[in-house]
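**Q** Coordinates for the following, if possible.
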Amino acid sequence: MSFSTVSRVKPPALRPGDTVGIVAPASNVKRSELEAGCEGLRRAGYRPFYFDSILEQDLYFAGSAERRARELEDMFTRDDVRAIVCARGGYGSNYLLESLDLQKIKAHPKIFVGYSDLTTLLTYFSDAAGLVTFHGPMVAKDWANEGGVDLPSWQAALTGSSAWELSLGAASGAKGLVEGAAQGALYGGCLSILVASLGTPYEICTQNTILFLEDVAAKPYQIDRMLMQLKLAGKLNGVQGIIFGEMRDCLQTANQGYTLEEVVLRVVEQLNIPVAFGVRSGHVTTGNITLPIGVQAELTVRGGQASFKILEASVIAPQKSWA
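**A** Predicted coordinates:
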């Protein structure tokens, strides 16, 4: 399947006062963190909703795979739920792939937000259903913490703005590694989860994309190995540009004699495409940025600085009512 041939399905925009459905497709959730995140959503003007079964536990999962799959489908089909935000990542989304009713999800397109292990579902819904998905803040993680959510990108991505630019000034921590300019469909997520798809029926589709890659607490040689696996699998062929995340805690030792930027450049520098580093989406220290997966975007790197633009709306804005 070629990503570029999939017709995009954009969900309706999120509005003030809308109900946000919360799901746990992967690891189990602590009630205190869930409630703290719900309060964060309320302060932002939304009405959080979840099923009581979200607090179930089966080993390290949020209940059985069947429970998690039905919870997710139910949130997609409920008329009162406008957007679906994952409680947390962890591990376990891959258990849902064989049992989800993709046609039911495609028939009820909604905003779906998550990161980390949820990369499995972000890319699956994008590749197989053509649904625009969102790599961004989760309830029991980012919404539960003061300053955990980058509100400007959340609003721009989810409320119907057309073209918008991500602020990547000096304060953002982002930098340019390889100069150039490119356009493509934004795609990607957690590097280790993307690599885990290789060789399965749910293998990622990276052709003609601007590829976003992030991870947490992976040692530099592990990042190197995963990038090389993508390269050797042909998944970097046809990629138009690459954006790395903050890559939090991706160190061998505190006093190592090399940088992670040097490590990744060994793999990607010869691709002759623009490369940026340090965009805070996913596993971040603060201000988790919302990135729409599947929409056209533009990456430009000049003089060590990066600029990144979303070239189209990622949601369908509500129609105006006329008196």
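
**Q** list the buried ones in stretch 142-157?
**A** Using 16 or more other CB atoms under 10 Å as the test for burial, stretch 142-157 gives 142-145, 148-150, 153-154, 156-157. Bear in mind the C-beta positions are built from the backbone N, C-alpha and C, glycine included.

**Q** That stretch: end-to-end distance?
**A** Using CA to CA, to the nearest Å, the gap from the first to the last residue of stretch 142-157 comes to 17 Å.

**Q** about what we covered before: can you name the two of the buried residues of stretch 142-157 that are farthest apart?
**A** Largest separation among the buried residues of stretch 142-157 by CB to CB: Ala144 and Ala156, giving 22.3 Å.

**Q** What does the pLDDT read for the closest residue to Ala233 other than its chain neighbours?
**A** Closest residue to Ala233 in three dimensions, ignoring its sequence neighbours and counting by CB to CB, 6 or more residues apart in numbering: Leu198, at 5.3 Å. Confidence per residue is given as pLDDT, and for Leu198 that number is 98.

**Q** What's the local residue count around Leu198?
**A** Around Leu198 there are 16 other residues, counting by other CB atoms under 10 Å.

**Q** Please report how far it lies from Ile84.
**A** Counting by CB to CB, to the nearest Å, the gap between Leu198 and Ile84 amounts to 27 Å.

**Q** can you tell me which residues contact the spatially closest residue to Val315 that is not a sequence neighbour?
**A** Nearest residue to Val315 in three dimensions, chain neighbours excluded: Ala13, at 4.1 Å (CB to CB, 6+ apart). Contact analysis of Ala13 by CB atoms under 8 Å, 6 or more residues apart in numbering lists 158-160, 315-318.

**Q** do that again at 6 Å, thanks
**A** With contacts defined as CB atoms under 6 Å, 6 or more residues apart in numbering, Ala13 is in contact with 159-160, 315, 317-318.

**Q** Tell me which residues touch Gly45, please.
**A** For Gly45, the residues meeting the contact criterion (CB under 6 Å, 6+ apart) are Pro16.

**Q** now the helices for the chain?
**A** 31-43, 65-77, 102-107, 119-129, 151-158, 191-196, 220-232, 260-268 (DSSP state H).

**Q** Throw these into a markdown table and include distance to Gln305, thanks.
**A** Formatted as a markdown table, the helices of the chain follow (distance: least, CB to CB, whole Å):
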| stretch | distance to Gln305 |
| --- | --- |
| helix 31-43 | 32 |
| helix 65-77 | 40 |
| helix 102-107 | 39 |
| helix 119-129 | 28 |
| helix 151-158 | 19 |
| helix 191-196 | 24 |
| helix 220-232 | 23 |
| helix 260-268 | 15 |
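
**Q** which one of the ones you listed has the most crowded surroundings?
**A** Compared across these, helix 119-129 shows the largest average neighbour count, a mean of 24 (mean count of other CB atoms under 10 Å).

**Q** and that one, what other elements does it pack with?
**A** When contacts are defined as 3 or more CB pairs under 6 Å, 6 or more residues apart in numbering; DSSP states H and E, helix 119-129 packs onto helix 102-107, strand 133-135, strand 180-190.

**Q** Measure how far that helix is from the centre of its chain, please.
**A** 10 Å (CA atoms, centre = their mean, to the nearest Å).
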